[in-house]
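In: Need coordinates for the following:
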Amino acid sequence: MHYEGEIVLRVCKNGKKIDQKFAHKYYDAFTLGFDFTARDIQAEQKKKGWPWEIAKGFDGSAFIGDFIPLEKEKVISFTIKKNNEVVQQGDTSMLIFSFDEIISYISRFFTLQQGDLIYTGTPQGVGPVQIGDVLEGWVEEQSIVKCEIK
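Out: As a prediction, this is how the structure comes out:
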């Protein structure tokens, strides 16, 4: 089982085919979340040439923290710790695609609904977890998500 710590956007209104210049009106808060992947199942599915969403979409495969309202144009810095050691660190300036680009692109294919959550990608530092490990996500000096692997 591997974890990925990511910034998660909260969609605040319904929309489809959203122009990028209006995308900022469709999300209002963020949090940190953990996205888990069962690498053994993923490898087996890939080997067979089958889709591997079951390696990522199983019960308990995602965990999110408390939401923080977004401030326009503010760079969000975050840290993920595993057993109190920093394993991932990044900020929104490192994203391949901006929040607005992500919203606009996704809405071309899916109708966004109020309350939808969008995981935006992960910085370097993804790795395995074992029973008893504790993952914690920080935004600047504030812990906003913590979970123990059981």
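In: count of residues packed around Asp35?
Out: Neighbour count of Asp35, defined by other C-beta atoms under 10 Å: 19. Where C-beta positions appear, they are placed from N, C-alpha and C, glycine not excepted.
In: list the contacts for it?
Out: Tyr3, Glu4, Glu6, Lys56, Ser61, Ala62, Tyr119, Thr122 (C-beta atoms under 8 Å, 6 or more residues apart in numbering).
In: what element comes up after the helix or strand hosting it heading to the C-terminus?
Out: Per DSSP states H and E, Asp35 falls inside strand 27-37. Proceeding N to C from strand 27-37, the next assigned helix or strand is helix 39-48, under DSSP H and E.
In: buried stuff in that next one?
Out: Gln42, Gln45 (16 or more other C-beta atoms under 10 Å).
In: How about stretch 114-130?
Out: Asp116, Ile118, Tyr119, Thr120, Thr122, Pro123, Gly125, Val126, Val129.
In: Off-centre distance for it?
Out: Offset of stretch 114-130 from its chain centre (C-alpha atoms, centre = their mean, to the nearest Å): 3 Å.
In: how many neighbours does the closest residue to Phe58 other than its chain neighbours have?
Out: Among residues not flanking Phe58 along the chain, Ala38 sits closest, at 6.7 Å (C-beta to C-beta, 6 or more residues apart in numbering). Taking other C-beta under 10 Å as the criterion, the count of residues near Ala38 is 17.
In: Now do the helices in this protein.
Out: Here the chain has its helices, by DSSP state H, at 39-48, 99-106.
In: hmm, what's the outermost residue in this protein?
Out: Most distant from the centre of the chain: Lys48, at 27.6 Å, with distances by C-alpha atoms, centre = their mean.
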